[in-house]
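structure for the following, please:
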Amino acid sequence: MSAAVLDGTTLRVWAHAAVDGLSAHADEINRLNVFPVADADTGTNMLFTMRSAATAADQPGVAADVVAVSSALSEGALHGARGNSGVILSQILRGLAEVTADAADQRSGDLTVIDAATFGAALRHAVGLIAASVGDVVPGTIVSVLQAAAGAAEEHAEAADLVTTLRAASDAASVALDHTRDQLDVLTEAGVVDAGGRGLLVLLDALTEVLTGDAPHRRRYEPASVGAITADATPPQFEVMYLLAGCDHAAVETLRARLERLGDSVAIASSGSGEHYSVHVHADDAGGAVEAALDLGALSRVQITALSTGLRPQPDRAARDRAVLAVVDGGGAHELFAGEGATVVVPDADSPVRAQHLLRALVDTGAGQVMVLPNGYVAAEELVAGCTAAIDRGIDVVPVPTGSMVQGLAALAVHDPARAAVDDGYTMARAAASARHGSVRVATEEALTWAGTCRPGDGLGIAGDEVLIVGADVATAGAGLIDLLLLSGGELVTVLTGADVDAGVGEALRDHVHREHLGTELVTYHTGHRGDVLLIGVE
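Below is the predicted model:
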């Protein structure tokens, strides 16, 4: 398709042409990706971001005029931005949307097409938006290519039509892209042009093809030599992204300062309306990067991705052995799980298990296959990030959904390294799921619960995050909780006692089970864990 003007309909067509172009060139762009991290995903990230933009513009509620379509593209890109390059792309589309809206206001809403002057102004405005979102702009990146395109567009806009202006901008971008190889040392060493700049050229060429029917011919950009990419320092382990809402400009700058202390490649891009910000950072402490924003606004769409650094294990490192890694609390729990053959990770008293700690433990097992028992001590995002990073290093990781140490014991009991990993993981997960579990804690204040009013010192039997039993003491609450868990049957009750629990509690529970539940066995282990005083499981 070719179109003489860039109106709302043509803008939608361009969005899909851009998706097609990025899809065709994604592998090429990925191979060029060495800055800021050689994670080979710039093409993929730009493709996913542009696809999100196109999808948003296609929604039934979006009007067909050029202002509405450009605004939808901008919002869709911001909400679906992937990676640093995706955040930058969202700001390019935001620049187009804001300049188009301003032009419409100046003409009292009578704007049907984007002309050469509007196009050039949009590119220039995007340069400023990107600088605001990423902070210091590094020469030799997509921003350098965009600046060259903006300069050429502005130079031709007054005397030429949109197509001529677009061709001038595209040609300038092509020249600037070749020059990036000489502007940034890491690009020079690898013999590549900037990956994001190559993606921008794809977008400009797609627009040229939509407007004229002819696609500019570009050479294929490839690294000068395989294996030329080197790194003097270990890059951050994780890419963290999320949307942030309900904050002001001061809060955004506070967040930027926090993230810059945690990592690099910080980008915070606004939707323009100020309602949402897309946040991006590369950091070792993925959880810390998320927590940095918790007191500043409302988070959504949290994404944590392990950065591929090329650090793959040597062939003999990809061991055929299988290990079980269990996260547990308490000295007794350490002995119990280790005695059953698991490698054990114990959380620090002052901090939860982070993704980088989990990754270190997975690597230290020395095994090629690792079954992970989080046992309720690892946040979901940290578990996913740590396991993904280990997979990137060639370790076959299978996280088993265990929400408590009693479920972890049930899973560990059926572990069989002779089975295929997928079969072993399924069997362990099924055993964990079949272990109904709950806990007992001591009430610290008077409160109204589902089971009635509790007072300080009472025992609270909890299952499914709800208080179901209120007892005069820990043993009474434990007995009541066991009765509830056994309503659906069961042959074995496992009780793990915490740090300050007297041995008499276990004996009292054993007597209760023997008296009230004939044929059911109860075993007690003093694990010395913190938090809930009793962990109870029924199988």
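
pLDDT below threshold where in the protein?
1-4, 36-39, 109, 224-235, 308-320, 350 (pLDDT under 70).

domain assignment for it?
The chain resolves into domains spanning 8-212, 238-306, 322-434, 436-538 when parsed by automatic domain parsing.

what sits against residue 246?
Residue 246 sits next to 297-298 when contact means CB atoms under 8 Å, 6 or more residues apart in numbering. No exception for glycine: its C-beta is placed from N, CA and C like everyone else's.

same question for residue 178.
By CB under 8 Å, 6+ apart, the residues touching residue 178 are residue 193.

on the three-state scheme, it is what?
helix (DSSP: H, G, I helix; E, B strand; the rest coil).

sorry, back to before: nearest to residue 223, of the domains of the chain?
Of all the domains of the chain, it is domain 8-212 that lies closest to residue 223, at 4.9 Å by CB to CB.

re the thing from before, would CSV of the domains of the chain with distance to residue 219 be doable?
Shown next, in CSV, are these (distance: least, CB to CB, whole Å):
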stretch, distance to residue 219
domain 8-212, 9
domain 238-306, 29
domain 322-434, 32
domain 436-538, 60
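
residue 222: how many residues sit nearby?
Counted with other CB atoms under 10 Å, residues neighbouring residue 222 total 13.

which element is it on?
Element membership of residue 222, judged by DSSP states H and E, is empty: it is in no helix or strand.

distance check, it against residue 28.
7 Å (CB to CB, to the nearest Å).

related to what we said a few turns ago, wait, which of the domains of the chain is closest to residue 218?
Of those, the one closest to residue 218 (CB to CB) turns out to be domain 8-212, at 6.8 Å.

any idea how far apart the tips of the closest one sit?
17 Å (CA to CA, to the nearest Å).

confirm that residue 175 sits in a helix.
Yes. If the criterion is three-state DSSP, then residue 175 is within a helix.

which ones are touching it?
residue 148.

10 Å - rerun?
Applying CB atoms under 10 Å, 6 or more residues apart in numbering, we find residue 175 in contact with 145, 148-149, 152.

nearest to residue 347, of those?
Closest to residue 347, out of all of the contacts of residue 175 and judged by CB to CB, is residue 145, at 46.4 Å.

would you put the C-alpha positions of stretch 525-539 in PDB?
Extracted in PDB, the C-alpha atoms of stretch 525-539 (Å, rounded to 0.1, in the frame of the first residue of the first chain):
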ATOM      1  CA  TYR A 525      10.900 -32.100  64.200                       C
ATOM      2  CA  HIS A 526      12.300 -29.200  66.100                       C
ATOM      3  CA  THR A 527      13.500 -27.000  63.200                       C
ATOM      4  CA  GLY A 528      14.000 -23.800  65.200                       C
ATOM      5  CA  HIS A 529      12.500 -21.600  62.500                       C
ATOM      6  CA  ARG A 530      11.400 -18.100  63.100                       C
ATOM      7  CA  GLY A 531       7.900 -16.600  62.700                       C
ATOM      8  CA  ASP A 532       5.000 -19.000  63.100                       C
ATOM      9  CA  VAL A 533       5.700 -21.300  66.100                       C
ATOM     10  CA  LEU A 534       4.300 -24.400  64.500                       C
ATOM     11  CA  LEU A 535       4.200 -25.600  60.800                       C
ATOM     12  CA  ILE A 536       1.800 -28.400  60.300                       C
ATOM     13  CA  GLY A 537       1.300 -30.700  57.300                       C
ATOM     14  CA  VAL A 538      -1.100 -33.600  56.600                       C
ATOM     15  CA  GLU A 539      -0.600 -36.200  53.900                       C
END
